[in-house]
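Peer 1: attaching a predicted model along with its sequence, questions to come.
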Amino acid sequence: MFTGLIEATGSIEAVRPDGSARRVRVGSALSHELRAGDSIAVNGVCLTVIDPGARHFDVDVSPETLRVTTLDALAPGSVVNLERPLRADARLGGHFVLGHVDGVGRITSIERDGECHWLTVDAPAELARYLILKGSIAIDGISLRIARLDRASIGVQIIPFTWQHTALGAAKTGDRVNLEVDVLGKYVERLFVAGGLQAAGQPAG
């Protein structure tokens, strides 16, 4: 479980094929705090630390993860967002983020608005039903609020701190991004589909 509040950025140092999977080495100041088996979100994708070092750590990326996220495009020099899991005694400053990517979107525009930036992202059509104006969404692991919504096109405003301290500062129009919608919406939908909720006004049992 994550919050979408990015702790640090990392730089991809190496990408090595491992059958149909890939072993990825990430350089980061967080590395010395990690242990083998720890979870870490890399651009919003929950991965397992395989081999931590003093200045880098390795993760394995499965073929399925490569297929459904943007991690297939990682190359040496790529900058990625990093977040360790939420501790039980920590404040929840963003929203509940699982690190399970729901789809890949594409940045269609980046516009300055004073010191801030507007980011417009086209999401896959199948995610449109989960997108709510003023609701939460994770973009490359960053907890953001949907400030504009037109079907599956969303607009979010990025404050200077987020722009400067995440990989968004290097984002370009046309870039693909990992999207995770608010998990609460998915659970509510599943309950209705499964018939697990009573209709309004009807007594239970």
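Peer 2: Received the coordinates, thanks.
Peer 1: all contacts plus neighbour counts: C-alpha atoms, from now on.
Peer 2: Will do.
Peer 1: do you know how far residue 121 is from residue 92?
Peer 2: 25 Å (C-alpha to C-alpha, to the nearest Å).
Peer 1: which one of these two is surrounded by more residues?
Peer 2: Neighbours per residue, other C-alpha atoms under 10 Å: of residue 121 and residue 92, the larger number sits with residue 121, 26 against 14.
Peer 1: A strand includes that one, no?
Peer 2: Yes - per DSSP: H, G, I helix; E, B strand; the rest coil, residue 121 lies within a strand segment.
Peer 1: dump the residue contacts of it.
Peer 2: 105-109, 153-155 (C-alpha atoms under 8 Å, 6 or more residues apart in numbering).
Peer 1: run the last query once more with 10 Å
Peer 2: Taking C-alpha atoms under 10 Å, 6 or more residues apart in numbering, we find residue 121 in contact with 104-110, 139, 149, 152-156, 173-177, 179.
Peer 1: residue boundaries of the strands in the chain?
Peer 2: Using DSSP state E, the strands found in the chain span residues 8-18, 21-27, 39-42, 45-52, 56-61, 79-83, 103-113, 116-122, 136-139, 142-145, 148-150, 153-158, 176-181.
Peer 1: show me what the last one pairs with in its sheet, parallel or antiparallel.
Peer 2: Counting by DSSP bridges, the strands paired with strand 176-181 are strand 103-113 (antiparallel), strand 136-139 (antiparallel).
Peer 1: same question, the second one
Peer 2: For strand 21-27, the pairing partners within the sheet under DSSP bridges are strand 8-18 (antiparallel), strand 56-61 (antiparallel).
Peer 1: then the fourth one?
Peer 2: Strands adjacent to strand 45-52 in the sheet, as given by DSSP bridges, are strand 39-42 (antiparallel), strand 56-61 (antiparallel).
Peer 1: can you list the domains in this protein?
Peer 2: What automatic domain parsing lists as the domains of the chain is 8-83, 103-189.
Peer 1: first-to-last residue distance for the shortest one?
Peer 2: Between the opening and closing residues of domain 8-83 we find a distance of 7 Å, counting by C-alpha to C-alpha.
Peer 1: among the strands paired with strand 21-27, which is the most enclosed?
Peer 2: Most buried of these by mean neighbour count (mean count of other C-alpha atoms under 10 Å) is strand 56-61; its value is a mean of 22.
Peer 1: show me what that one is in contact with.
Peer 2: Contacts for strand 56-61 (C-alpha under 10 Å, 6+ apart): 10-18, 20-32, 34-37, 39-40, 42, 45-52, 71-72.
Peer 1: residue 184: what's it in contact with?
Peer 2: 96, 130, 190.
Peer 1: now list the buried members of those residues.
Peer 2: Among those, those buried by neighbour count (16 or more other C-alpha atoms under 10 Å) are 96, 130.
Peer 1: could the domains of the chain go into TSV alongside mean pLDDT?
Peer 2: Output for these, formatted as TSV (pLDDT from 0 to 100):
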stretch	mean pLDDT
domain 8-83	96
domain 103-189	95
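Peer 1: let's see the lengthiest helix in the chain as PDB, backbone CA atoms only.
Peer 2: Counting by DSSP state H, the longest helix found in the chain is helix 183-193. Coordinates of each C-alpha in helix 183-193 appear next as PDB, following Å, rounded to 0.1, in the frame of the first residue of the first chain:
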ATOM      1  CA  VAL A 183      -9.400   1.700  -5.700                       C
ATOM      2  CA  LEU A 184     -12.600   2.600  -3.800                       C
ATOM      3  CA  GLY A 185     -14.500   3.100  -7.100                       C
ATOM      4  CA  LYS A 186     -13.500  -0.400  -8.300                       C
ATOM      5  CA  TYR A 187     -14.600  -2.100  -5.100                       C
ATOM      6  CA  VAL A 188     -18.000  -0.200  -5.200                       C
ATOM      7  CA  GLU A 189     -18.500  -1.200  -8.800                       C
ATOM      8  CA  ARG A 190     -17.700  -4.900  -8.000                       C
ATOM      9  CA  LEU A 191     -20.200  -4.900  -5.100                       C
ATOM     10  CA  PHE A 192     -23.000  -3.700  -7.400                       C
ATOM     11  CA  VAL A 193     -22.100  -6.100 -10.200                       C
END
